[in-house]
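*Asks:* Sequence first, then the predicted structure:
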Amino acid sequence: MDDNQPFSMLNALWFKPDGGAEKYKEYQAAAHPFAEKYGATASDAFVPVQSLIGEFDADLMFFIHWPDFETFQKFLADPGYQAIQPLREEAITKSLLIRCNKVQP
């Protein structure tokens, strides 16, 4: 795994009942400027409708595309981001973050 290569992070989220989705929207609005500062871009978000094989019941899923792993780590360490990170924890019960590389032809 090359930490100097661009990668995408699959985010699958399970929201807390009674306001978790709304709280996550608050987190997204606050986190967006920090992600943008570090060159991250987001794909469209998706709501899983039906698991055809296996069990998967996340409330929301999307990809965030990062320039490289070091940049992602700088994003996480940014004091401004760390200040708003508790909003994320207030919104979700569980998350799945998977670092992915694009398949090269």
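*Replies:* That came in fine, so what should we check first?
*Asks:* the strands in the protein, which residues?
*Replies:* According to DSSP state E, the chain carries its strands in the segments 7-15, 41-42, 60-66, 92-100.
*Asks:* ok, the first one: who's next to it in the sheet?
*Replies:* Using DSSP bridges, the neighbouring strands of strand 7-15 in the sheet come out as strand 60-66 (antiparallel), strand 92-100 (antiparallel).
*Asks:* Can I get the ones you listed in CSV including mean pLDDT, mean neighbour count and distance to Ala12?
*Replies:* Just so you know, the C-beta spots here come from the backbone N, C-alpha and C atoms, and that holds for glycine as well. Output for the strands paired with strand 7-15, formatted as CSV (pLDDT from 0 to 100; neighbours: other Cβ atoms under 10 Å; distance: least, Cβ to Cβ, whole Å):
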stretch, mean pLDDT, mean neighbour count, distance to Ala12
strand 60-66, 97, 18, 5
strand 92-100, 97, 12, 4
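*Asks:* Flag the shaky bits of the chain, pLDDT-wise.
*Replies:* Along the chain, segments meeting pLDDT under 70 span 1.
*Asks:* And the contacts of the longest helix along the chain?
*Replies:* Among the segments of the chain that qualify as a helix by DSSP state H, the longest is helix 20-37. Residues outside helix 20-37 that contact it (Cβ atoms under 8 Å, 6 or more residues apart in numbering) are 13, 15-16, 42, 59-60, 64, 75, 78, 80-81, 84, 87-88, 90-93.
*Asks:* Good, we can wrap up now.
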